[in-house]
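Q: fold the following.
(2 chains)
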There are 2 protein chains.
Amino acid sequence: MGAALAFELHGADGVARVGRLRTPHGDVQTPAFMPVATYGAVRGISPDELTRAGAQIVLANTYHLHERPGEQIVEKCGGLHGFTGWRGPWLTDSGGFQVTSLADSARVDEDGVTFSSPVDGTRRQLTPENAVAIQEALGADIAMVLDECIPATGDTDSVRTRAAMERTLRWAERARRARRRGDQWLFGIVQGGGDAALRRTSARATCDIGFDGYAHGGLGLGEDASARTAMLAIAHEELPASAPRYLMGIGRPVDLVDAIANGVDLFDCVLPTRHARHGVLFTRAGLLRLRNARYRDDPLPPEPGCDCETCARFSRAYLRHLLRAGESLAGRLASLHNLRFYLRLMEESRVAIREGRYGAFRAEIAERCAGALP
Amino acid sequence: MGAALAFELHGADGVARVGRLRTPHGDVQTPAFMPVATYGAVRGISPDELTRAGAQIVLANTYHLHERPGEQIVEKCGGLHGFTGWRGPWLTDSGGFQVTSLADSARVDEDGVTFSSPVDGTRRQLTPENAVAIQEALGADIAMVLDECIPATGDTDSVRTRAAMERTLRWAERARRARRRGDQWLFGIVQGGGDAALRRTSARATCDIGFDGYAHGGLGLGEDASARTAMLAIAHEELPASAPRYLMGIGRPVDLVDAIANGVDLFDCVLPTRHARHGVLFTRAGLLRLRNARYRDDPLPPEPGCDCETCARFSRAYLRHLLRAGESLAGRLASLHNLRFYLRLMEESRVAIREGRYGAFRAEIAERCAGALP
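A: Here you go, the predicted model:
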């Protein structure tokens, strides 16, 4: 481990906790939300805007960057930090989830994932070893092991869930051995679907291999909230409290405050930017759907009282007009608001934990953010 | 005329001139370039970015805003200044050019232009009177009369060119009588195709009706440079030197410096933003085509030495990657550069005129900006 990387716990309220992740490219106060920069850019948003919105760390998709422009180009241009202009911390996923869901004719075997590139049609393979090598070339501060993901929805048979969990463990060992860089953290991933015993086994064994942090895989894919909470709790019993915990790809504001209550430190999700591009804005009073005709001449900002750059300058009427006219500025301004909403939610969660009132904060968010704007 | 609107000439170098247009929403140093905000937003760019790039006045398309969201909505939300957040001066076109080229089954007669709305299919009419009324509702600082546009390419018969020119004069009189607001300037438009005598007649008669400024119509539609120069010169012999002169919809950097040499004060063109979205960047060494493979790992900014926000932070390699990945940030960052290129060209033109070296400046631009990057 590089000396520049460390995780410190600063306080807790019940199981919820606040901490600080130190990286060679800056600190991350946790719980933290990572905006998603699929191709090395949060859609339509500049690095300066991310900073002003309060982003501390950004996630990029290894599979997409491997396809385009290729990790060699990124490496030659100074890694993700130099190439993209976001000079704060980066986390990259392993590429496994995307390759399985997006690439043509992906096939998983013990070696890894074989697939056809949608860009040039060539047959390629993603293995535990080259997933690490690609991420080392991209130069993220935190890399993820390649895993085989089985949803926790309970409709997958236990033999297949167990096999994928065990393969993920073997891949994790291979990834661990493949590491070359000392200045990049590597996180293991807990699998096991919706099966409590498998989750426990996976967490314990992943922990035994030894990683700098641990992620929960296979969640946020349709399971109900109580099942997710149970899977998190079981894994956390086995994982070292001193290591950061990352719930991948989730989710709605209520999902984040629930998971924080269960001891999660890191999140990423495309929801704030994807919703924004479709004209759906998060507010403390519920979802605001810009296409609704009631906003056609509404002079209010998207969320009165919000401190984002969009709410400071633009009305619902103007954003609705831009959206309907197909102007890309609509997605950009809406994304800035939604990202600020998520990042402020994390800031306020940290304060609430420090002040020992996280339970009340969580209940308030759950009540107010559910449903549509009244 | 509102007292808040005035045009002052501050100096000249040959026929080229520098001046200041005073509007209720701020001053415009001329020669000036107006970025095009079709639907009330320069594609992908925020008002703050326009200010930082040096924009002084922005153009919106009356026809597009009439279709969506409708001038009543814009008026209710504080006019263009309040609705869009660009609080500096606005110019709106009459809508005539767009309605004729974009609307379904447009038909021109003495009343005006009748067309079918592409938004809701209803049959509507744009007349000299309601073109003024719509622009007064939009609240621009400068409005344009409805005109009938005939290109100066010489392939239109002189009977038709004369008829359109004469109709434009009758429409100009009707527009002049239709004005209600005293805080908005109205510009007349010189037509006459590529016919010198018709241009002279049009300029003299438009001038006799009396407007706050004068525009050249029907240029930039395929005529050669010498024909355009001749048409500008003839009209300028008839137009009052004390009024601002606007060359609509043009053009390339070399077109702008040529027209400034012929005494033009105002320009607008979609070229910098449209080229940007296609990955074509203006530089003082020629056009840079981002899709060219030579830029795949080029760490240089688009134009070394440029003071724009894009060149300060991003490489050709990154912009090329974003463009190829279909990321909207590509168009935004490239637009910021191209707009800054145009706005800087105007700044430097003004300095060169004041310093009596405009001829040399013009020759340098013509030589260096033509063609592709070596």
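Q: tell me how far A:Phe267 lies from B:Glu364.
A: Remark: distance between A:Phe267 and B:Glu364 (Cβ to Cβ, to the nearest Å) = 54 Å. The C-beta positions use only the backbone N, C-alpha and C, and glycine is treated the same way.
Q: those two - which one has more neighbours?
A: Set side by side, A:Phe267 and B:Glu364 show more neighbours around A:Phe267, with 25 against 15, by other Cβ atoms under 10 Å in any protein chain shown.
Q: list the helices and strands whichever helix or strand that one is part of packs on?
A: According to DSSP states H and E, A:Phe267 maps onto strand A:266-268. In terms of contacts (3 or more Cβ pairs under 8 Å, 6 or more residues apart in numbering or on different chains; DSSP states H and E), strand A:266-268 is packed against strand A:32-34, strand A:245-247.
Q: how about those in TSV, adding mean pLDDT?
A: Shown next, in TSV, are those (pLDDT from 0 to 100):
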stretch	mean pLDDT
strand A:32-34	98
strand A:245-247	98
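Q: of all those, which lies closest to A:Cys308?
A: strand A:32-34 (14.4 Å; Cβ to Cβ).
Q: just give the number of residues close to the closest residue to chain B within the stretch 151-300 of chain A.
A: Nearest to chain B in the stretch 151-300 of chain A, going by Cβ to the nearest Cβ, is A:Asp297, at a distance of 5.0 Å. By other Cβ under 10 Å, 20 other residues sit near A:Asp297.
Q: can you list the residues of the stretch 51-200 of chain A near chain B?
A: A:His64, A:Arg68, A:Pro69, A:Ile73, A:Lys76, A:Cys77, A:Gly78, A:Phe83, A:Thr84, A:Gly85 (Cβ under 8 Å from any Cβ of the partner chain).
Q: ok, the last one - contacts?
A: The neighbourhood of A:Gly85, defined by Cβ atoms under 8 Å, 6 or more residues apart in numbering or on different chains, consists of A:Ser46, A:Pro47, B:Arg313, B:Phe314, B:Tyr318.
Q: name the element the residue in the stretch 51-200 of chain A positioned nearest to chain B belongs to?
A: Going by Cβ to the nearest Cβ, chain B is nearest to A:Pro69 of the stretch 51-200 of chain A, at 4.4 Å. For A:Pro69, there is no enclosing helix or strand under DSSP H and E.
Q: mind listing what's buried in the helix or strand bottoming out on mean pLDDT in chain A?
A: None of the helices or strands of chain A scores lower by mean pLDDT, DSSP states H and E than helix A:96-102, at a mean of 83. By neighbour count on 16 or more other Cβ atoms under 10 Å in any protein chain shown, the buried set for helix A:96-102 is A:Gly96, A:Phe97, A:Gln98, A:Val99, A:Thr100.
Q: ok, stretch A:237-256 next?
A: Buried residues in stretch A:237-256, counting neighbours by 16+ other Cβ under 10 Å, are found at A:238-239, A:243-256.
Q: same check on stretch A:118-130?
A: Buried residues in stretch A:118-130 (16+ other Cβ under 10 Å): A:Arg124, A:Leu126, A:Thr127, A:Pro128, A:Glu129, A:Asn130.
Q: cool, and stretch A:72-87?
A: A:73-86.
Q: same list, the residues you listed, but as a markdown table with distance to A:Gly112 and pLDDT please.
A: Converted to a markdown table, those look like this (distance: Cβ to Cβ, whole Å; pLDDT from 0 to 100):
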| residue | distance to A:Gly112 | pLDDT |
| --- | --- | --- |
| A:Ile73 | 23 | 98 |
| A:Val74 | 21 | 98 |
| A:Glu75 | 21 | 98 |
| A:Lys76 | 25 | 97 |
| A:Cys77 | 27 | 97 |
| A:Gly78 | 28 | 97 |
| A:Gly79 | 24 | 98 |
| A:Leu80 | 23 | 98 |
| A:His81 | 27 | 98 |
| A:Gly82 | 29 | 97 |
| A:Phe83 | 26 | 98 |
| A:Thr84 | 27 | 98 |
| A:Gly85 | 32 | 97 |
| A:Trp86 | 29 | 98 |
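Q: what does the least confident helix or strand of chain A rub up against?
A: A:61-64, A:106, A:108, A:113, A:115, A:118, A:126, A:131, A:146-149, A:249.
Q: what lies in contact with the next helix or strand after it?
A: Counting by DSSP H and E, the next helix or strand C-terminal to helix A:96-102 is strand A:104-108. Contacts with strand A:104-108, where a contact means Cβ under 8 Å, 6+ apart, come from A:Val99, A:Thr100, A:Val113, A:Thr114, A:Phe115, A:Ser116, A:Ser117, A:Pro118, A:Glu148.
Q: so the third one sits right up against A:Gln125, yeah?
A: Yes. Between A:Val113 and A:Gln125 there is a contact at 6.9 Å, judged by Cβ atoms under 8 Å.
Q: for the residue of chain A most remote from its centre, what are phi and psi?
A: What lies farthest from the middle of chain A is A:Asp297; by Cα atoms, centre = their mean that is 35.7 Å. Main-chain torsions, A:Asp297, degrees, to the nearest 10: phi -130, psi 30.
Q: these two touch, right, it and B:Gly78?
A: No. Here A:Asp297 does not reach B:Gly78: they are 10.7 Å apart, not a contact under Cβ under 8 Å.
Q: how far away is A:Leu323 from B:Gly82?
A: Taking Cβ to Cβ, one finds A:Leu323 at 19 Å from B:Gly82.
Q: so what touches the strand or helix carrying A:Ala203?
A: Assigned by DSSP H and E, A:Ala203 belongs to helix A:196-209. With contact meaning Cβ under 8 Å, 6+ apart, helix A:196-209 is reached by A:158, A:161-162, A:165, A:168-169, A:172-173, A:176, A:188-193, A:214, A:230-231, A:234-240.
Q: pLDDT on the helix or strand that that helix is followed by, on average?
A: Sequence-wise, the next helix or strand downstream of helix A:196-209 (DSSP H and E) is strand A:213-216. Confidence over strand A:213-216 (mean pLDDT, whole number) is 98.
Q: so which bits of the following helix or strand past strand A:213-216 are buried?
A: Note on strand A:213-216: by DSSP H and E, the next helix or strand toward the C-terminus is helix A:225-238. Buried residues in helix A:225-238, counted by 16+ other Cβ under 10 Å: A:Ala227, A:Arg228, A:Ala230, A:Met231, A:Leu232, A:Ile234, A:Ala235, A:His236, A:Glu238.
Q: for the most centrally placed residue in chain A, give the beta-bridge partners.
A: With distances taken as Cα atoms, centre = their mean, chain A has A:Asp268 as the residue nearest its mean C-alpha position (1.7 Å). In this structure, A:Asp268 bridges to A:Met34 when assessed by DSSP bridges.
Q: quick one, what contacts it?
A: A:Asp268 makes contacts with A:Phe33, A:Met34, A:Pro35, A:Val36, A:Leu59, A:Leu91, A:Met248, A:Gly249, as judged by Cβ under 8 Å, 6+ apart.
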